[in-house]
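# predicted structure and sequence below. I'll ask about it afterward.
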Amino acid sequence: MAQYSARLDDVFVALADPTRRGVILRLGRGPASVGDLAGDFPMTLPSFMKHVRTLEAAGLIRTAKSGRVRTCVLNREGLDVIGDWLAEQHRVWEERTDRLERLVTDPEERPT
């Protein structure tokens, strides 16, 4: 679990902001220019670029510049760290609830 810690923190911090979640949601439909993405949010372009840089640093999006246009693409592999963490949490809680169920239903499991 420790191997995911820093990366997981970066991803959750990036996704904590509604603007950045909106960008991820929009990029789920396909690539878009920064200008097109920024048009959906009530802020200046420099402020919006801070969000883009945060998402890029967290590995959730990639950007490429062609001429004057910077295009953003969702990096789906960047979301894998969340899926891996959630799967681990699911396994841990399944084990805990299974132990609790055995404790409640099986008299041999009860402490004496």
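Cool, the structure landed.
# which helix or strand lies directly C-terminal to the helix or strand containing residue 8?
Using DSSP states H and E, residue 8 sits within helix 5-15. Remark: after helix 5-15, the chain's next helix or strand is helix 18-27, criterion DSSP H and E.
# and the next helix or strand past that following helix?
Following helix 18-27 toward the C-terminus (DSSP H and E): strand 32-33.
# strand partners of that following strand, parallel vs antiparallel please.
Paired neighbours of strand 32-33 in the sheet (DSSP bridges): strand 69-74 (antiparallel).
# what packs against the host helix or strand of residue 80?
Secondary structure assigned from DSSP H and E places residue 80 in helix 80-105. Counting contacts by 3 or more Cβ pairs under 8 Å, 6 or more residues apart in numbering; DSSP states H and E, helix 80-105 is packed against helix 5-15. All C-beta spots, glycine's among them, are computed from the backbone N, C-alpha and C.
# in the helix it packs on, what's buried?
Across helix 5-15, burial judged by 16 or more other Cβ atoms under 10 Å covers 7-8, 10-11, 14-15.
# for the record, mean pLDDT for the helix or strand hosting residue 62?
If you go by DSSP H and E, residue 62 is part of strand 61-66. Across strand 61-66, pLDDT averages out at 96.
# what's the end-to-end length of stretch 40-51?
Using Cα to Cα, to the nearest Å, one end of stretch 40-51 lies 13 Å from the other.
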